[in-house]
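Visitor: Here is my input, please return the structure:
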Amino acid sequence: MEIWDSIVVGAGQAGLSASFHLARRGVRHLVLDAAPAPGGAWQHRWDSLSMVDVHGVHELPHDPRDPADPGAPGRDDRPANRAVPAYFADYERRHALPVLRPVRVDRVTDGPGTLLTVHAGERTWSTRTLVNASGTWSQPYLPAYPGAAEFAGLQVHTRDYPGAEAFRGRRTVVVGGGAAAVQLLGEVALVTDTLWVTRREPRWRTDDFTSEAGRAAVALVEDRVRRGLPPASVVGVTGLALREQERAAAALGAYDRQPMFAALERDGVRWADGRFEPAQAVLWATGFRPAVRHLAPLHLRTREGGIRLDRHGTTAVDDPRVQLVGYGPSASTIGANRAGRHAAVGVVAALGAGRDRTAQAG
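Guide: Numbers count the residues shown, from 1 in each chain. Purely as a prediction, here's the structure:
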């Protein structure tokens, strides 16, 4: 039986970062990626998201330069859903990262002995440690509201956003208080009438976003996962800001937020006070949940619903063989690279502890 020192589940930014640092430390590992091609969640972003909007958050460790960038001066209007996957693919090749795809992991179980078994259909791998980097993209969150099944119009989650033209002529309700809602309102409001609803009053950022602000936001999410609570959104903590391309939508009143409606009806939405607004489309910008169902056999979740992580935000407190990246504080691109480095350190520590137990048993 072939035994790996570590298996990484997922080859997005956090997974590639972890693989890079594992390789640097000489850890024999394999990366299992469900997608048929490199790029992680970036390959699924909407076409209108360009590299000028990315601001370098896609960068991988020890490689700040984007080799796909032709170096031409001026605005970089390349679609991020093509440029970033090309960069990831090049990074995998240049660093000879051991990525195997497409492999969709079904579950991870204990045994034999102190090993973990990774299952993907009929295939299995045995490993001493696991780095889970499955992210959130495969788990879009759609809240349950009365009447949703009866609504006659178009309903789309941001995961499947088809572009603004699909909403032209349809009065559109955009639901959600995050950056995706702000960005997509900036497009949809230019082609049709829109209504923005959120559960909480949006918190707008009036200062420039700095690395210090990013670290502070990550620290707040780290505190939640240390206590075993479900992770909050890092982006939600940092606050919202309008980009230059959203100014036109703001001038149209697109960001005049309304409280959340109580129910959907066939031709619109209704509030608890009886007020009704006609609508022909709902765009659910309601975020994602961690894709960790395959870890259920390890019983890592607390009664509060989260997975407790150590002070670095990667090691599962209840099973140090397991590292989580792209979860909690590293679910945002803000913390992905740092998480990959900490995960590799955690893997080395777990391997050392395992050897010590073996020596004592002998």
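
Visitor: Could you list the domains of the protein?
Guide: The chain breaks down by automatic domain parsing into domains covering 3-138+288-361, 148-204+240-284.

Visitor: Need the ones you listed in a markdown table (columns: mean neighbour count).
Guide: (C-beta placed from N, C-alpha, C; glycine too.) Output for the domains of the chain, formatted as a markdown table (neighbours: other C-beta atoms under 10 Å):
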| stretch | mean neighbour count |
| --- | --- |
| domain 3-138+288-361 | 19 |
| domain 148-204+240-284 | 17 |
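
Visitor: Those domains: lowest mean pLDDT?
Guide: Among those, domain 3-138+288-361 carries the lowest mean pLDDT, at a mean of 86.

Visitor: How far off centre is that domain?
Guide: How far domain 3-138+288-361 lies from its chain's middle: 11 Å, per C-alpha atoms, centre = their mean, to the nearest Å.

Visitor: what do you get for stretch 257-269?
Guide: The chain centre lies 27 Å from the centre of stretch 257-269; the measure is C-alpha atoms, centre = their mean.

Visitor: Pull the residues that contact that stretch.
Guide: 145-148, 150-153, 173, 175, 177, 195-199, 201-202, 270-272, 276-280, 282 (C-beta atoms under 8 Å, 6 or more residues apart in numbering).

Visitor: Can you pick out the ones from those residues that are in helices?
Guide: Cross-referencing the contacts of stretch 257-269 against helices under DSSP state H gives no overlap.

Visitor: Which strands or helices does the lengthiest strand in the chain pack on?
Guide: Secondary structure assigned by DSSP state E gives strand 123-132 as the longest strand of the chain. With contacts defined as 3 or more C-beta pairs under 8 Å, 6 or more residues apart in numbering; DSSP states H and E, strand 123-132 has these neighbours: strand 3-9, helix 13-24, strand 29-32, strand 116-120, strand 322-324, helix 336-361.

Visitor: do you know which of these lies nearest Arg45?
Guide: Across the helices and strands packed on strand 123-132, Arg45 has its closest neighbour in helix 13-24 (12.6 Å, C-beta to C-beta).

Visitor: rewinding a little: switch the helices and strands packed on strand 123-132 over to a markdown table; also include distance to Arg308.
Guide: As requested, the helices and strands packed on strand 123-132 are arranged in a markdown table below (distance: least, C-beta to C-beta, whole Å):
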| stretch | distance to Arg308 |
| --- | --- |
| strand 3-9 | 19 |
| helix 13-24 | 19 |
| strand 29-32 | 24 |
| strand 116-120 | 18 |
| strand 322-324 | 10 |
| helix 336-361 | 14 |
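
Visitor: returning to that earlier point: strand partners (parallel or antiparallel) of the longest strand of the chain?
Guide: Neighbouring strands of strand 123-132 in its sheet, by DSSP bridges, are strand 3-9 (parallel), strand 116-120 (antiparallel), strand 322-324 (parallel).

Visitor: Please list the residues outside that strand that contact it.
Guide: Applying C-beta under 8 Å, 6+ apart, the external contacts of strand 123-132 come out as 1-10, 15, 18, 22, 29-30, 32, 103, 108, 112, 114-118, 292, 295, 321-327, 343, 347, 350-351, 354.

Visitor: all strands for the stretch 151-300 of the chain, in order.
Guide: Ranges of strands within the stretch 151-300 of the chain are 154-157, 172-175, 194-198, 258-259, 263-265, 268-270, 276-278, 281-284, based on DSSP state E, counting those that start in this stretch.

Visitor: what's the distance between the first one and the middle of its chain?
Guide: So the one you mean is strand 154-157. 20 Å.

Visitor: That strand - contacts with which helices or strands?
Guide: Counting contacts by 3+ C-beta pairs under 8 Å, 6+ apart, strand 154-157 packs against strand 281-284.

Visitor: now the strands paired with strand 123-132 as CSV including distance to Thr129?
Guide: Shown next, in CSV, are the strands paired with strand 123-132 (distance: least, C-beta to C-beta, whole Å):
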stretch, distance to Thr129
strand 3-9, 4
strand 116-120, 7
strand 322-324, 7
